Every structure is written in structure tokens, then in C-alpha cells.
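Peer 1: Compute the structure for the input listed below.
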Amino acid sequence: MTPIRGTGCSWGTRSILYELTVIMENIGWKPGFNSKINIWTARWVGGERPEPKDDWLNLSNGYLANLQVRNLFQTDGKWNKVFIEGLFTEEWATRILAIPHCEVRREDKVFWPLTTTGSYTVKSGYGLIFTDYMDKAGTDKDNCRLSERGRLFCRKVLWKLHIPQMWKLLLWKIITNVLPTGNEIIKRKIDADPFCGMCRGDQRIMETPEHLFRDCGLSGRIWAGSILGIRVEGAGGIPISNWICDWIHYLRKKEEGMNQVIHFVATLWGLWTMRNKIKFQDQAVNSHVITNMVYNVIGEKVDILCNSMNLRQNRSDLRCEEEGSLQREVFDICNGHPVCVVGKPSGCTIVRVKVDASWNQTFEAAFGWIAYDDTGQELGRRQIRTRA
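Peer 2: Take a look at the predicted model:
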């Protein structure tokens, strides 16, 4: 399967074809007896391409350039040692001869050499594509969208944050510089207004991630008025990806770090939501109205997430308290008789409890239970509302 890119492909199609090409070039092969794998281009020796004994060997002769693995076998299915040692370096010839010869006429088998199981995973594919991209981009800042620092942040910090997935995706797009802001729209020759919609009057400033999320006057006032009290003056020369990474690293080290990280990312989300309402819903550019709108967007999630974090930190204690309360209630329903859930020791009453629970998007939850004795008679029921 060879990916072919036609004329006029969309950016999404180009990206998919590029990624598919990189993956296809790195597929490993386990050769069979009648293998048609090219010995120079395929990764058939432990997932790697073997090196020729001389640089000119695979190019000087059409026959040698098109050699297949099956040409390295003798008629009895064993490796042709003399021929292999004449083609490959000593190290590669040793590795090839160590491969068990095919006594059974099996077909060529594909495997993925970047995992221990031989099966493809999205994580290994992403790492491969990113490495290939960085190798081709080199140190060219115009071509390289994601720095090594940004890659490490995404791998070690971003995807482990306890925030909504849509916030993680926004952070990832900002850090990798793929957010559809005005400067990216111009690069793709899309007919749309590339200027900042939050700047007042006749100001026509190009909308970049740095300007939208930090350098715009309105954005600066929102950061300064937040509970974090961040002053953005003097940060104009710092790339937005580095600025975000630095702040998240700093906030995570503080005592209330995760709650403050939630407020920080929520402010970014509020600014992006505000920008979209101005661009696509003709929201009036009024400093007071927009500021309130951002705070309302932030407030929809922050309190819920902070409460969820506090609940998660004390989950074991809460679970013990709730289980103790539940046991006391069942004990009372059974008129003071000892309650046994597993087994049936002497003097215990068997109680069967049916439990059901549900929760909504605001982390409000409710669960209820009904207790029955061993004859099926209802002993009591209870419904409890809590935070998920």
C-alpha cells in the first residue's frame, strides 16, 4: 500500500498521508521461505534495514538492487552463507544468519518493531511521527511547530492534568501552534478576517496566539483581574507555549497548585470562547461585558473541578465514613441484629442490598439502596445525594 497524494488535497488529507507514509516506511517484516521483500529497502532484520558491505553494492547492478530475501536462501531452505557474507557487513551478516531458516513455506509477516508485543499502538506511532518531523524541521523555527520542551510537556504533564479533555486539547493546540488564529488562517490562504476582534477602534493587529491569550490589552486586564493576579507586561518576547508551560509548572509546585492550574487553564478557555463569540456570533466588543462573559465561562467549570479535586484527595476518608454510615443504617433496619454480607455465621442475618446510582455533567450524584432479608421481604430503603 503506497499513499498517493492528488492535486488540491486538503490540509487534513495531507497530514494523514504524511503520517501514513512515515508509518509504512517503518513497518517491520518477518520473511517467509518465498519472501518477496527487498533486502535493501525493507526492515526485515529485527525491524531494521541491513547495511551493504560496500556503499556501491546495491546501486551498481540492477540485479543486486532488486534482490529479494528469497534469493538469499538455498534450495533446501537454509541461508546461503557465502552469498550473504559477500553482500553485507560482518555485523549484519551475523544477524541475518542467526535468523531461523524457514523449514515451512510460510508467508511474509508484518509486525511493528517499536513495541515489545509487535502490535501497533497510537503512542508509538505518535512518537515516531514526531521524531521524523523534528528531524526534517531541524532548527528552522518557521517549519518546526513543536519544540522538544513542548513535546516533553505534552508527554509528561499535559495529558495527566485533571481537567476536561476539551481544555487539554486547547492547550495542545496552543503549544503545537495549530490553533486556527489569524496568522495561521493567512498561511492557509483562507478568506477570513485575520485581525484581533478584541482590539478597540481602528487598531488592526494580527491575531496570533501570543496576542490573543496574553498581549492584547483586554486579555491583560482579564489576567490581572483573575484570582491569580498575573501581570503580563514584559512577557511579549516569550513564545506563548513557553509562557504557558512555565506558569503551569510554577503553579503545580504551590500548596493549592492544582486548583490554581484549573483557574489558569479556565482563563485560557474563557479567552478562546470569548474570541469565538466575537468572531462568529457578532458579540459586541465591550470591555465590561466581555470580562463578565469570560468570568462566567470560567465559573461554570472552576468551582466544580476544584470541588472534585478536593473530593478526590479525601476519597478514601469519605468512602470509609459513608460505608460506616451505611452499615449503621442497615444495622438499625435489621432491628439491631448483626449484619453479615459474606457467609452466614451463627446469629447473623443475611441482607441483600440492591444499589443504583447516577450523576450529571455538573458532578452532582445520587445513589439509593433497598435492603431485603433472606426471605425477600423489604427491610428499608434510602436515597442519598452527594458530589461525584
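Peer 1: ok now do the nearest residue to Asn242 once chain neighbours are set aside, which residues does it touch?
Peer 2: Spatial nearest neighbour of Asn242, excluding adjacent residues (C-beta to C-beta, 6 or more residues apart in numbering): Arg149 at 7.0 Å. C-betas here are computed from N, CA, C, even on glycine. Applying C-beta atoms under 8 Å, 6 or more residues apart in numbering to Arg149 gives the contacts 241-242, 245.
Peer 1: where's Arg149, which helix or strand?
Peer 2: Here Arg149, judged by DSSP states H and E, is contained in helix 148-156.
Peer 1: Just the angle for the helix or strand that comes right after that helix relative to helix 148-156, thanks.
Peer 2: Using DSSP H and E, the next helix or strand after helix 148-156 towards the C-terminus is helix 165-175. If you take axes from the mean of the first three to the mean of the last three C-alpha atoms, to 10 degrees, helix 165-175 sits at 170 degrees to helix 148-156.
Peer 1: So for helix 165-175, mean pLDDT?
Peer 2: Averaged across helix 165-175, pLDDT comes to 90.
Peer 1: next one: stretch 249-268
Peer 2: 84.
Peer 1: Check which residues of that stretch are buried.
Peer 2: 251, 258-268 (16 or more other C-beta atoms under 10 Å).
Peer 1: So which of the contacts of Arg149 is the closest to Leu158?
Peer 2: Cys245 (9.1 Å; C-beta to C-beta).
Peer 1: Give the closest residue to the most centrally placed residue in the chain in space, chain neighbours not counted.
Peer 2: For the chain, Trp159 is the residue whose C-alpha lies nearest the centre (C-alpha atoms, centre = their mean; 5.7 Å). Among residues not flanking Trp159 along the chain, Lys168 sits closest, at 6.5 Å (C-beta to C-beta, 6+ apart).
Peer 1: how near is that neighbour to Gly28?
Peer 2: Taking C-beta to C-beta, to the nearest Å as the measure, Lys168 falls 32 Å from Gly28.
Peer 1: before we move on, the earlier item: Ile186 versus the residue nearest to Trp159, what's the distance?
Peer 2: 27 Å.
Peer 1: more neighbours, these two?
Peer 2: Per other C-beta atoms under 10 Å, whichever of Lys168 and Ile186 has more neighbours is Lys168, with 16 against 13.
Peer 1: The more buried one and Leu161 touch, don't they?
Peer 2: Yes: counting by C-beta atoms under 8 Å, Lys168 touches Leu161, with 6.6 Å between them.
Peer 1: show me the contacts for Gly197.
Peer 2: Applying C-beta under 8 Å, 6+ apart, the residues near Gly197 are 207, 275, 278-279, 285.
Peer 1: please redo it, this time with the cut-off set to 10 Å
Peer 2: Listed by C-beta atoms under 10 Å, 6 or more residues apart in numbering, the contact partners of Gly197 are 182, 207, 212, 216, 274-280, 282-283, 285.
Peer 1: In the stretch 1-150 of the chain, mark out all the strands, start to finish.
Peer 2: 28-30, 109-111 (DSSP state E, counting those that start in this stretch).
Peer 1: Quick check: which of these is buried the most?
Peer 2: Of all the strands of the stretch 1-150 of the chain, strand 28-30 carries the top mean neighbour count, a mean of 18, counting by mean count of other C-beta atoms under 10 Å.
Peer 1: contacting residues around that one?
Peer 2: In contact with strand 28-30 (C-beta under 10 Å, 6+ apart) are residues 35, 37-38, 42-48, 69, 99, 102, 106-114, 118.
Peer 1: any chance of the strands of the stretch 1-150 of the chain in TSV, plus distance to Gly225 and mean pLDDT?
Peer 2: Below are the strands of the stretch 1-150 of the chain laid out as TSV (distance: least, C-beta to C-beta, whole Å; pLDDT from 0 to 100):
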stretch	distance to Gly225	mean pLDDT
strand 28-30	56	88
strand 109-111	56	89
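Peer 1: So which of those is nearest Thr89?
Peer 2: Comparing those by C-beta to C-beta, strand 28-30 comes nearest, at 20.0 Å.
Peer 1: Which of the buried residues of stretch 249-268 fall within strands?
Peer 2: Counting by DSSP state E, none of the members of the buried residues of stretch 249-268 fall within strands.
Peer 1: nearest to Tyr18, of these?
Peer 2: Nearest to Tyr18 among the buried residues of stretch 249-268, with distances taken as C-beta to C-beta, is Leu268, at 28.8 Å.
Peer 1: Hmm, that closest one is touching Leu169, no?
Peer 2: No: look at Leu268 against Leu169 with C-beta atoms under 10 Å: they stay out of range, at 11.7 Å.
Peer 1: Now, of the contacts of Arg149, which are buried?
Peer 2: By 16+ other C-beta under 10 Å, those give 241, 245 as buried.
Peer 1: how about the helices in the stretch 101-250 of the chain?
Peer 2: In the stretch 101-250 of the chain, the helices defined using DSSP state H, counting those that start in this stretch lie at 122-137, 148-156, 165-175, 182-187, 209-210, 217-225, 240-252.
Peer 1: Now do the same contact list for Phe195.
Peer 2: Under the criterion of C-beta under 10 Å, 6+ apart, the contact list for Phe195 reads 182, 203-207, 211.
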